[in-house]
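next come a sequence and a model predicted from it.
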Amino acid sequence: MRTMGRVMAFQALWRAVSGQRRPGSPSIPARLRAFPRMVRDTVTGAYPDLETSRLGLMALALVYVVSPIDLVPEAVLALVGVVDDAFVLAWLAGAVLGETEAYLAWDRTRGRDRYRTVPGDVLR
């Protein structure tokens, strides 16, 4: 199951980078704007489709890429240090894009339940 998640993350990254979006799929800026909501809804338990462990892996990947401690392998093993950062960054980007696409689809269905139209008359 984890391998399937990784494959889907890289497929989402490839679609976003190559411009092969499915009709009706959210744009990259829309996905990035939805990311904080997705984190909040995951942590509070409102969004059940994303495990907090996967969210934690995304946070660790971001810390790994941004961390200045990672500069040592790049200074010693230049190509290996850069390649491992690129791999982690590609996984992170694909995971974020894939998860936010699923979150936005879930959010659209939830939105219909939140804002039901009640038949009646408007009083002034």
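Right, received. Where do you want to start? Numbering: from 1, shown residues only.

going by C-alpha atoms from here, please, whenever you check contacts or count neighbours.
Fine.

check which helices and strands the strand or helix carrying Ala105 sits against.
For Ala105, the element it lies in under DSSP states H and E is helix 78-114. Judged by 3 or more C-alpha pairs under 8 Å, 6 or more residues apart in numbering; DSSP states H and E, the packing partners of helix 78-114 are helix 2-18, helix 28-44, helix 52-66, helix 71-76.

center of the chain, which residue is that?
Central residue of the chain (C-alpha atoms, centre = their mean): Val96, 1.9 Å from the mean position.

now stretch 99-112 - C-alpha only, CSV.
Extracted in CSV, the C-alpha atoms of stretch 99-112 (Å, rounded to 0.1, in the frame of the first residue of the first chain):
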residue,chain,number,x,y,z
GLU,A,99,-3.1,14.7,-1.1
THR,A,100,-4.4,18.2,-1.7
GLU,A,101,-6.2,17.0,-4.9
ALA,A,102,-7.9,14.3,-2.8
TYR,A,103,-8.6,16.8,0.0
LEU,A,104,-10.2,19.3,-2.4
ALA,A,105,-12.4,16.6,-3.9
TRP,A,106,-13.5,15.7,-0.3
ASP,A,107,-14.0,19.3,0.6
ARG,A,108,-16.3,19.9,-2.4
THR,A,109,-18.6,17.0,-1.3
ARG,A,110,-18.5,18.2,2.3
GLY,A,111,-19.4,21.7,1.2
ARG,A,112,-22.6,20.5,-0.3
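
tell me which residues of it come out buried.
Neighbour-count burial for stretch 99-112, with 16 or more other C-alpha atoms under 10 Å as criterion, is recorded at 99-104, 107.
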